[in-house]
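Undergrad: Quick check, what structure comes out for this input:
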Amino acid sequence: MITADLSQIQGRRYPARRRTQNIVGGASPISASTFAMEFVTLDPDGGQMPWHNQQQEEVYFVLEDEAEMCPGSEKQILYSGQAAYIPSGVFHQITNIGPPPMKMLYCHGPAGDVGHWRQEWEGTLPRAGVEAPPLPAGARPQCTDKPV
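TA: You can find the predicted model right below:
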């Protein structure tokens with residue numbers, strides 16, 4: 001049996017104020033050909049996975065706290081225990097709106113890196129309303145901070 005221990009997976013910090021730890025795929029000892037899974041901690045008050053799209057399908061599952069979820073032109077609050085499905089190609093963003101860190105799992109298939117990770121590190125994410133569709137009305141702004 002191959003196991004992954006979250007306490008032993010360092011993960012990576014991203015400019016949009018989150019930490020991502022690979023449970024399946026990437027640096028994890030577990031790999032699968034049809035999906036990948038990550039544990040994500042969004043920093044308090046605004047940590048996010050900024051507005052992006054990708055070819056993989058995704059499911060975001062909130063474990064602790066709450067977040068503003070914006071898939072396409074929709075905006076709603078996700079609470080602990082709720083999941084959201086994001087179809088391939090749809091621009092989306094999730095933002096922590098609470099003071100504690102927000103914890104979630106996300107699964108995407110097929111497995112492999114997703115382009116927005118690299119774009120975020122290079123400071124080349126398509127900007128909402130400029131190179132990408134606009135965020136839904138009233139949504140938290142997209143983080144376009146460049147890495148330090």
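Undergrad: ok so residue 120 is a helix residue?
TA: Yes: according to DSSP: H, G, I helix; E, B strand; the rest coil, residue 120 belongs to a helix.
Undergrad: so what's the most centrally placed residue in the chain closest to, chain neighbours aside?
TA: Centroid-nearest residue in the chain: residue 49, 4.1 Å away (criterion: C-alpha atoms, centre = their mean). Closest residue in space to residue 49, ignoring its immediate chain neighbours: residue 94 at 5.1 Å, by C-beta to C-beta, 6 or more residues apart in numbering. Heads up, the C-betas are built off the backbone N, CA and C, glycines and all.
Undergrad: Would you confirm that the one you found contacts residue 67?
TA: Yes: if you go by C-beta atoms under 8 Å, residue 94 and residue 67 touch, sitting 5.1 Å apart.
Undergrad: ok, so what distance separates residue 69 from residue 104?
TA: As judged by C-beta to C-beta, to the nearest Å, residue 69 and residue 104 stand 10 Å apart.
Undergrad: circling back: anything in contact with each of residue 94 and residue 67?
TA: Common neighbours of residue 94 and residue 67, counting by C-beta atoms under 8 Å, 6 or more residues apart in numbering, are 42, 78, 104.
Undergrad: you'd agree the second one is in a helix?
TA: No: Residue 78 sits outside any helix when classified using three-state DSSP, being strand.
Undergrad: about what we covered before: which one among the shared contacts of residue 94 and residue 67 gets closest to residue 127?
TA: Checking those against residue 127 with C-beta to C-beta, the nearest one is residue 42 at 20.3 Å.
Undergrad: How about the contacts made by that closest one?
TA: Shown in contact with residue 42 (C-beta under 8 Å, 6+ apart): 17-18, 48-49, 67, 94-96, 101-104.
Undergrad: Just give me the neighbour total for the closest residue to residue 24 other than its chain neighbours.
TA: Spatially, and ignoring its direct neighbours in sequence, residue 24 is nearest to residue 37 (4.2 Å; C-beta to C-beta, 6+ apart). By other C-beta atoms under 10 Å, 22 other residues sit near residue 37.
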